[in-house]
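Trainee: Return a 3D structure for these sequence lines:
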Amino acid sequence: MNYRQGDSSDGCVLYAGASTVPEGRKQGAQLALLERRLDFAIDQGCDLAMMCAQPGSSSQRNAERRGFRIAYTRVKWKLVQILSTVLSHSYGLVGRGNGEAI
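Mentor: All right, here's what the predicted structure looks like:
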């Protein structure tokens, strides 16, 4: 399969990477763009569409207004940088600085 974002060769389209500039927000631009992109995908033969959005965001609400439903959720992990003073603790323990170990 030669897949490109938005390719409908397998009847499936993935919407990713769209955003609205701050001054254009809360005016219906994202929902209008989503509707137009879906209409185009349908015209190209797609019968399955996927997208990602932050839980509880306006993007999620707009997707649900257009018929999308949550298929699954995932957790993204972030490495938190720890202060060097905590790392150099003489006992070699890593903590939050309040006596609580991590």
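
Trainee: what's the pLDDT at residue 24?
Mentor: With respect to pLDDT, residue 24 scores 83.

Trainee: cool, residue 79 as well?
Mentor: 75.

Trainee: Equivalent analysis for residue 93, please.
Mentor: pLDDT at residue 93 comes out at 46.

Trainee: quick one: the strands in the protein?
Mentor: Ranges of strands in the chain, per DSSP state E, are 12-15, 48-51.

Trainee: So which other helices or strands are in contact with the first one?
Mentor: In this case it means strand 12-15. Judged by 3 or more CB pairs under 8 Å, 6 or more residues apart in numbering; DSSP states H and E, the packing partners of strand 12-15 are helix 29-43, strand 48-51. Every C-beta, even on glycine, is put in place using the N, C-alpha and C of the backbone.

Trainee: For residue 18, find the nearest of the ones you listed.
Mentor: Residue 18 lies closest to helix 29-43 among the helices and strands packed on strand 12-15, at 6.3 Å (CB to CB).
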